[in-house]
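>>> this is a predicted model, with the sequence first.
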Amino acid sequence: MKPSPRLNLNNGVLIDQVGFGLYKVPPADAAGLVTMAIEAGYRHLDTAAMYGNETGVGRGIGALSRFSSEDPRGGSGEAAPELSRANIFVTTKVWNDDQGYDATLRAFDTSMSNLGLEYLDLYLIHWPCARRGLYAESYRALETLYREGKVRAIGVSNFQPAHLEDLLQTAEVVPAVNQIELHPWLQQEELRALHGKLGIMTEAWSPLGRGQVLQDPTVLELASAHGRTAAQVILRWHVQRGHIVIPKASSSARIRENLDLFGFSLDAADMDALAGLERGFRTGSHPDNVN
Ligand SMILES: NC(=O)c1ccc[n+]([C@@H]2O[C@H](COP(=O)([O-])OP(=O)(O)OC[C@H]3O[C@@H](n4cnc5c(N)ncnc54)[C@H](OP(=O)(O)O)[C@@H]3O)[C@@H](O)[C@H]2O)c1
């Protein structure tokens with residue numbers, strides 16, 4: 001199975017385009033699923049303080065030396081060294097109740113202690129919570145962590161166009177990503193266009209619409225035409241549109257299936273058919289309703 005391609009964030013840091021999402025993964029299962037994902041070839045993990053599983057994720061990362069780092073990407077032909085922390089891209093997020101400059105710095109320390117890591121790859125503000133009026137201050141804390149070298153990249157999640165434009169009035173570092181709900185039933189064209197203009201990478205959460213879009217008849221038709229699964233068709237659509245994707249799955253077979261996306265492609269007619277599925281359907285909350 002081919003590994004995920006890597007994309008360049010706006011500060012030159014590389015991120016695997018296909019990562020493994022850990023929302024709703026019970027703390028006791030997190031280490032095992034992380035191990036399974038790494039075994040399958042994932043090198044990018046997405047968690048959050050709110051998921052309550054950072055400790056388990058950290059334990060899974062701690063077991064990395066069991067694996068050799070023989071390609072996914074190295075390819076020197078020499079005996080491969082053990083896989084290490086540096087081979088894995090880890091994202092976590094500051095929760096809404098910890099917004100504000102000092103509280104965000106404290107929340108970061110807690111997350112790092114839970115994860116058992118010395119540095120983080122990507123730290124995100126989980127939701128703008130505009131009514132709290134604290135996201136600019138929280139982002140300033142992320143900039144401090146970035147300048148101190150504690151995080152390799154910083155960004156936001158669930159920011160609407162107005163939040164991004166407002167943030168950029170005061171931000172000194174352009175967010176590397178905005179992680180938003182995005183799938184064929186919610187295509188987020190306005191945000192995608194704005195991200196393109198600002199140099200922000202679009203990262204799709206619930207890329208399968210929490211499994212619901214897997215039942216879409218057009219998706220099923222394309223899956224049958226390509227001899228692939230519905231999940232693979234949707235994830236391939238994301239990949240071809242340049243999104244970072246972080247599907248979550250609970251079995252080794254699904255985890256593997258969701259990374260096995262690079263032996264086929266969708267043509268222009270397939271992409272058009274999927275573009276036609278937009279229906280403004282959210283599986284999660286609208287960002288204006290989260291505070
Ligand atoms: N920033 C945010 O606010 C935010 C919000 C939500 C999610 N996220 C992130 O995005 C990640 C993904 O989103 P998500 O977990 O909500 O939804 P998702 O990845 O779109 O869908 C996950 C669901 O699809 C099922 N599934 C996965 N692969 C499948 C396959 N190959 N065949 C059939 N069913 C499959 C899973 O079932 P099983 O688990 O039973 O296998 C699960 O029920 C999260 O884990 C989290 O990291 C971020």
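Structure received. Residues are numbered from 1 along each chain as shown.

>>> and the helix or strand that contains residue 55, which residues are buried?
Assigned by DSSP states H and E, residue 55 belongs to helix 54-62. By neighbour count with 16 or more other C-beta atoms under 10 Å, helix 54-62 contains the buried residues 54, 56-61. Every C-beta, even on glycine, is put in place using the N, C-alpha and C of the backbone.

>>> specify which member of those residues is nearest to residue 145.
Distance to residue 145, by C-beta to C-beta, is smallest for residue 54 among these, at 16.0 Å.

>>> ok, back up a step: out of the buried residues of helix 54-62, who's near the ligand?
Counting by C-beta under 6 Å from any ligand atom, nothing from the buried residues of helix 54-62 sits close to the ligand.

>>> now render the residues you listed as TSV, adding pLDDT.
Output for the buried residues of helix 54-62, formatted as TSV (pLDDT from 0 to 100):
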residue	pLDDT
54	98
56	98
57	98
58	97
59	96
60	95
61	94
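
>>> which among these gets closest to the ligand?
Of all the buried residues of helix 54-62, the ligand sits closest to residue 57, with 10.5 Å by C-beta to the nearest ligand atom.

>>> isn't the closest one right up against residue 47?
Yes - counting by C-beta atoms under 8 Å, residue 57 touches residue 47, with 4.9 Å between them.

>>> based on its surroundings, how many neighbours for residue 106?
When neighbours are defined as other C-beta atoms under 10 Å, residue 106 has 14 of them.

>>> report pLDDT for it.
What the model reports as pLDDT for residue 106 is 98.

>>> joint contacts of residue 57 and residue 47?
Counting by C-beta atoms under 8 Å, 6 or more residues apart in numbering, the residues touching both residue 57 and residue 47 are 22, 30, 90, 115.

>>> of those, which are in range of the ligand?
Filtering those for neighbours of the ligand using C-beta under 6 Å from any ligand atom leaves residue 22.

>>> determine which two of the shared contacts of residue 57 and residue 47 are furthest apart.
So, the shared contacts of residue 57 and residue 47 by C-beta to C-beta: farthest apart are 30 and 90, at 12.4 Å.

>>> give me the common contacts of the two.
47, 57.

>>> and the contacts of stretch 243-254?
The set of residues external to stretch 243-254 that reach it, using C-beta under 8 Å, 6+ apart, is 7, 15, 17-25, 29, 33, 36, 39-40, 44, 46, 177, 179, 182, 201-205, 207-208, 231, 235, 238-239, 255, 257-258.

>>> the residue lying closest to residue 65 once chain neighbours are set aside pairs with what?
Nearest residue to residue 65 in three dimensions, chain neighbours excluded: residue 82, at 4.4 Å (C-beta to C-beta, 6 or more residues apart in numbering). In this entry, residue 82 is beta-bridged to residue 68, by DSSP bridges.

>>> residue 82 and the ligand, how far apart?
26 Å (C-beta to the nearest ligand atom, to the nearest Å).

>>> ok, the residue nearest to residue 110 when sequence neighbours are not counted to the ligand distance?
Distances taken as C-beta to C-beta, 6+ apart place residue 49 nearest to residue 110, at 7.1 Å, with adjacent residues excluded. From residue 49 over to the ligand the distance is 12 Å, taken as C-beta to the nearest ligand atom.

>>> how many residues are close by residue 49?
Counted with other C-beta under 10 Å, the neighbours of residue 49 add up to 21.
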